[in-house]
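Asks: here is my input; please provide its structure:
(2 chains)
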Amino acid sequence: MEARLTGIPREETLRYLGYAGSEIPPELEADLTRCEAEVLGTVRPRVTWRLFDLLPDGTFSGTGFRPEGRDLAELLKDCRKALLMAATLGMECETLLRHRQQRNMSDAVILDAAASAAIENVCDNLCRDLAERFRPLYLTDRFSPGYGDLPLSCQRELCGILDVTRQIGLSLTESGLMLPQKSVTAVLGLSERPQPHRSRNCEDCGISGTCSFRKEGKHCGQT
Amino acid sequence: MGKHEFILLDGGMGTQLQAAGLPMGAMPELWNLTEAEKVTAVHRRYVEAGSRVLYTNTFGVNRLKAARCGRTVRELVEGGVRCARAAAQGEAVRVALDIGPLGQMLEPLGTLKFEEAYDLFREIVIAGRDAGADLIVIETMADLYEMKAAVLAAKENSTLPVWATMTFEAGGRSYVGTTVPAMGLTLTGLGVDALGFNCSLGPKELLPLIRELRRWTDRPLILKPNAGLPDPATGAYGIGPEEFAASILPALREGVSIIGGCCGTTPDFIRALRAALEAEAGDPVQTEPAAVSGHPKPSGVCSPSRVADFGPVRVIGERINPTGKKRFQQALRDGDIDYIVERGLEQQDAGADILDVNVGLPGIDEPRMMERVVRALQAVVDLPLQIDSSNPAAIEAGLRAVNGKAIVNSVNGRPEVLEAILPICKKYGAAVVGLCLDEKGIPQTARERIAIAERILDAALKTGIPREDVLIDCLTLTVSAQQEQAAETLKAVAHVRKTLGLHTVLGVSNISFGLPARENITVSFLTQALHAGLDLPIINPNQGAVMDAVASFRVISGEDRDSEAYIRRFAGGETGSGGPSASPAAGVPGQKPAGEMSLAEAILKGLKAETAARTRQALEGREELEVVNELLIPALDQVGDLYEKQIIFLPQLIKAANAASAGFEVIRARLAKAGGQSASKGKIILATVFGDIHDIGKNIVKVVLENYGYTVIDLGRDVPAEDVVEAVVRENARLVGLSALMTTTVGSMADTIAAIRRSGHDCKIMVGGAVLTPEYAQSIGADYYAKDAKQSADIARAVLG
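Replies: Sure, this is the predicted structure:
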């Protein structure tokens, strides 16, 4: 299954930029268009995923992976199979962002926002493709380490199982952060029943006290 | 190893162990100690299938990973060698210590330092050497820099043969952007005994990459591909043993002599390979090793992503050099690395192919500065480098830090210089510039200069440096002082290029020193020298006329096919000389300064050139600091107001700040000229805390603070608390800014603040980052919470004035 980056929604770029609804002057509009095009032309999205049976105790078959927390268990409660996925925009993206920070910070800020929107697009496309492939089963939402009460610390195990370094060139720093930064890992359930789209509920979220979206009265599930 | 022989390696280990019950995601190397007989059994099946080299089950062993499972590197490596040795017993089978990637990205993209990586590899090499491995295999590397650290560790801590294979994508690059030619040039230069590809893809997909690699190295080639491509749903690989063996055969005809399998391959694959090899070896035409010796070897230098091959005209940019440049000298003394990196970017944009790097200045620790500048340049510029120094320690520091293959500038005919510097060039695989002078000075005739060139070539060859890596500088003398010498130089260039067959370097601009309208003379001499055979001119690429001459020469010589590059350069009716256009992203489209614009307007609109011009104007009749305080700062304040009122937002704020920096740069240049007085309004230390790599916010703050006239000492990201404390005390800074983006790293921010407080230094601390709140900032003992870059400037003003 190929990684597909099909577009960068402008409103998503603006959301990541912390756009507050003021008027966008034509020069900035031009910068946005140019930077989005540059992200589209530079990054090389890659994805990898694996299918697992879910054992009754919640372990992913063939692995020792049994993620903690109520939130993921709730998401997977209808599921006997699950997927692990990882997606990245590649070091091409990392390099673009770092180089531009040295040369032109205002561009770099826009590129960073556009890249965040782009990786979401890649993940959305992958989920659409997976949903297609596994029909008649239904996909749950994707759930990433750090969401709700799923600890960020399970990132290393998840990445080990997917062999992400060899498969898509993704690695973790000693403190467990992903490189390239514009990368996503997630768990998805496969169920025989249609799955609700759960808007990410802030009350259950691990960062609800400090979330920058919430500071501005929004939430990350908002589209 | 005989030239007609193939060496059969083994196949996949991880997948075999998983088949024997190892859970996915578990550390396979633990089994060297807990399930040794199962590991040995896999090895033995490979020996039975025909493998003549066994890779130890130590791919993932290093101190970082070993610590996570409570074992030492030595235990795991000894266990691994023991398992392989047990299977090799009584057979003509060699045991290769297998070294894989560390699992962490090196700087600049990651946080692991080169010397830390070296140290991790060194530990593995020593353990493997002591355990009795027969050779060292470094495999599955995606990062050329990490590979270099591993190769140096292997060669400096053992005498074992070193094989090196990397993993690439079908597009011909590794995940980190390394290209095949860069891999070939760099690893051949570092002196590996064999090189090639493993993992990555199936044999079919790797064939074009092998063809490319063959062009860039004369070493034996290794191919150890996967069993095709995996099906993600099941993890099963695409092709079986027979198809695998059949599709690897064409690679043998491309010169591959060492083969095996990687992920998804089994003893059956090796057996099939062996059968195919036996059939193949019966055919003398197809095993002809012509590929190893018969090719004309391309030479050149490279960064991981860019090769400057020797032959065509390659412009070496000369601007990273303090000689005669007050502002550059000031930057070196202040440790203002950003200024130096800017000079590199500028030259890259102007069309340089290689950057000369000279940081020699009395009072500067040259080796240390060379290393710093090389690393900083590599983080943003992708051109190959030329290490310019006469200090062997600085040359070695530079070459060690270089990612890729570099040139050393320079040696000369003096025996003690050749003895001191050539072995360093050989060790790091660098090309070297030889100046045609010796203890008696610069000879006055071409013949004598050629004699010195021959002596240098001879010494280089004796040291083991290949002929194509010896570059000769026949020396440019000033034509206004020694007029007859210009012709001698041209004569010497022609002879060295055509008769000795060596590539030539020449610092061109010296020719016109002391004459009016220097450019005319420089350009004329450059053109004649290029015609005589100069292919590596050292020039200032920012001079449009000089680069125009290069562009024109490339058309006449036929190097610029169909005049494509020339037409591109002069498209739109430009007459050239304006020099290169700014980087495509830097310009503000459609904005030309319209008539009279105030300095404040120029800043608000983010116009750099206009801001610089207006600043220069304002300086007529005003003191520098007056301009700063009465014009630049109030203009920035106005921009800040608009930002706070959300009339403009972040990209515009930064653009304005950047424009203001053009104004500050005019002021700094003036002050440096006047004699080193600083225009700084005070020092601020910035760091993204330990464990965090998300530093864009910190970098935005840095740009804004610098553009307000503060000196920012940027410690980077993932900065340990003790480094922050050390910098605060050393610089006696009165303000420190810390950033953390992740919930998991704000704890590290609290630790850093506690460490600063413990040191007793009374600096103020401001903190920022997406997950912070004013309350949290207060609770961890910060003095200020900065919600954005604008506020950090307000805080700086409150603390520093």
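
Asks: and chain B, what are its domains?
Replies: Chain B breaks down into these domains under automatic domain parsing: B:300-569, B:599-675, B:683-800.

Asks: worst mean pLDDT among these?
Replies: Between the domains of chain B, the lowest average pLDDT goes to domain B:599-675, which shows a mean of 86.

Asks: which residue does the stretch 151-300 of chain B bring closest to chain A?
Replies: residue B:175 (2.7 Å; Cβ to the nearest Cβ). In short, each C-beta sits where N, CA and C put it, glycine included.

Asks: if I've got this straight, that residue is in a helix?
Replies: No: assessed with DSSP: H, G, I helix; E, B strand; the rest coil, residue B:175 is coil; it does not lie in a helix.

Asks: so who does it touch?
Replies: Residues near residue B:175 by Cβ atoms under 8 Å, 6 or more residues apart in numbering or on different chains: A:90-91, A:168-169, B:142, B:167, B:169.

Asks: looking at the domains of chain B, which is nearest to residue B:44?
Replies: Smallest distance to residue B:44 across the domains of chain B (Cβ to Cβ): 38.4 Å, for domain B:300-569.

Asks: what are the ranges of the strands in chain A?
Replies: A:46-53, A:79-88, A:138-143, A:171-172, A:178-179, A:183-191 (DSSP state E).

Asks: returning to what we had before: and the residue of the stretch 151-300 of chain B closest to chain A, what pLDDT?
Replies: Value listed for residue B:175 in the pLDDT field: 94.

Asks: turn the domains of chain B into a markdown table, including mean neighbour count and distance to chain A.
Replies: Listed next are the domains of chain B as a markdown table, based on neighbours: other Cβ atoms under 10 Å in any protein chain shown; distance: least, Cβ to the nearest Cβ, whole Å:
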| stretch | mean neighbour count | distance to chain A |
| --- | --- | --- |
| domain B:300-569 | 20 | 5 |
| domain B:599-675 | 20 | 4 |
| domain B:683-800 | 21 | 4 |
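
Asks: now render these as CSV, adding distance to residue B:235.
Replies: As requested, the domains of chain B are exported to CSV (distance: least, Cβ to Cβ, whole Å):
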stretch, distance to residue B:235
domain B:300-569, 31
domain B:599-675, 44
domain B:683-800, 30
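
Asks: residue B:117 is nearest to which of these?
Replies: Across these, residue B:117 has its closest neighbour in domain B:300-569 (11.8 Å, Cβ to Cβ).

Asks: gap between the two ends of that closest one?
Replies: This stretch, domain B:300-569, spans 25 Å end to end (Cα to Cα, to the nearest Å).

Asks: now stretch B:249-268
Replies: 16 Å.

Asks: measure the residue of chain A found nearest chain B to residue A:44 for me?
Replies: Residue nearest to chain B within chain A: residue A:169 (2.7 Å; Cβ to the nearest Cβ). Taking Cβ to Cβ, to the nearest Å as the measure, residue A:169 and residue A:44 are separated by 9 Å.

Asks: what's the overlap in contacts for those two?
Replies: residue A:90.

Asks: out of these two, which sits in the more crowded spot?
Replies: Neighbours were counted for residue A:169 and for residue A:44 using other Cβ atoms under 10 Å in any protein chain shown; residue A:169 has more, 25 against 19.

Asks: that one: what's it in contact with?
Replies: Per Cβ under 8 Å, 6+ apart, neighbours of residue A:169: A:46, A:88, A:90-91, A:180, B:142, B:174-176.

Asks: go again using 10 Å as the cut-off
Replies: A:44, A:46, A:88, A:90-92, A:179-180, A:183, B:105, B:142-143, B:167, B:169, B:174-177 (Cβ atoms under 10 Å, 6 or more residues apart in numbering or on different chains).

Asks: how close does it sit to residue B:696?
Replies: As judged by Cβ to Cβ, residue A:169 and residue B:696 stand 21 Å apart.

Asks: which parts of stretch B:18-26 are buried?
Replies: In terms of neighbour count (16 or more other Cβ atoms under 10 Å in any protein chain shown), stretch B:18-26 has its buried residues at B:18, B:22, B:24-26.

Asks: reformat these as CSV; add pLDDT.
Replies: Shown next, in CSV, are the buried residues of stretch B:18-26 (pLDDT from 0 to 100):
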residue, pLDDT
B:18, 89
B:22, 91
B:24, 80
B:25, 78
B:26, 84
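
Asks: can you put those in JSON lines and add secondary structure and distance to chain A?
Replies: Below are these laid out as JSON lines (DSSP: H, G, I helix; E, B strand; the rest coil; distance: Cβ to the nearest Cβ, whole Å):
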{"residue": "B:18", "secondary structure": "helix", "distance to chain A": "8"}
{"residue": "B:22", "secondary structure": "coil", "distance to chain A": "10"}
{"residue": "B:24", "secondary structure": "strand", "distance to chain A": "5"}
{"residue": "B:25", "secondary structure": "coil", "distance to chain A": "4"}
{"residue": "B:26", "secondary structure": "coil", "distance to chain A": "7"}
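
Asks: now the strands of chain A as CSV including mean pLDDT?
Replies: Shown next, in CSV, are the strands of chain A (pLDDT from 0 to 100):
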stretch, mean pLDDT
strand A:46-53, 95
strand A:79-88, 96
strand A:138-143, 94
strand A:171-172, 94
strand A:178-179, 94
strand A:183-191, 96
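
Asks: residue ranges of the strands in the stretch 51-200 of chain B, please?
Replies: All strands of the stretch 51-200 of chain B, identified by DSSP state E, counting those that start in this stretch, fall at B:53-55, B:94-99, B:135-141, B:162-166, B:194-199.

Asks: in chain A, which helix has the most residues?
Replies: In chain A, taking DSSP state H as the definition, the longest helix is helix A:105-133.

Asks: next, the angle from that helix to strand A:46-53.
Replies: 40 degrees (axes from the mean of the first three to the mean of the last three Cα atoms, to 10 degrees).

Asks: which residue ranges of the stretch 651-800 of chain B form strands?
Replies: Using DSSP E, counting those that start in this stretch, strands in the stretch 651-800 of chain B cover B:683-688, B:711-714, B:735-739, B:764-768, B:784-785.

Asks: contacting residues around the nearest residue to residue B:774 once chain neighbours are set aside?
Replies: In space, and not counting its chain neighbours, residue B:774 is closest to residue B:785: 4.4 Å by Cβ to Cβ, 6 or more residues apart in numbering or on different chains. The contact partners of residue B:785, by Cβ under 10 Å, 6+ apart, come to B:766-769, B:772-778, B:791-792, B:795.

Asks: again, only this time at 7 Å
Replies: B:767-768, B:772, B:774, B:777 (Cβ atoms under 7 Å, 6 or more residues apart in numbering or on different chains).

Asks: tell me what it is bridged to.
Replies: For residue B:785, the beta-bridge partners under DSSP bridges are residue B:767.

Asks: turn the strands of the stretch 651-800 of chain B into JSON lines, including distance to residue B:198.
Replies: Listed next are these as JSON lines, based on distance: least, Cβ to Cβ, whole Å:
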{"stretch": "strand B:683-688", "distance to residue B:198": "35"}
{"stretch": "strand B:711-714", "distance to residue B:198": "39"}
{"stretch": "strand B:735-739", "distance to residue B:198": "40"}
{"stretch": "strand B:764-768", "distance to residue B:198": "45"}
{"stretch": "strand B:784-785", "distance to residue B:198": "50"}
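
Asks: point out where chain A drops to low pLDDT.
Replies: Judged by pLDDT under 70, chain A has its weakly predicted residues at A:199-223.

Asks: for residue B:204, state which of the buried residues of stretch B:18-26 is nearest.
Replies: residue B:18 (24.9 Å).

Asks: please name the residues that touch the closest one.
Replies: The contact partners of residue B:18, taken as Cβ under 7 Å, 6+ apart, are residue B:24.

Asks: which residues are in contact with the residue at minimal distance from the centre of chain A?
Replies: Nearest to the geometric centre of chain A sits residue A:184, at 3.7 Å (Cα atoms, centre = their mean). Contacts for residue A:184 (Cβ under 7 Å, 6+ apart) come out as A:87, A:119, A:123, A:144.
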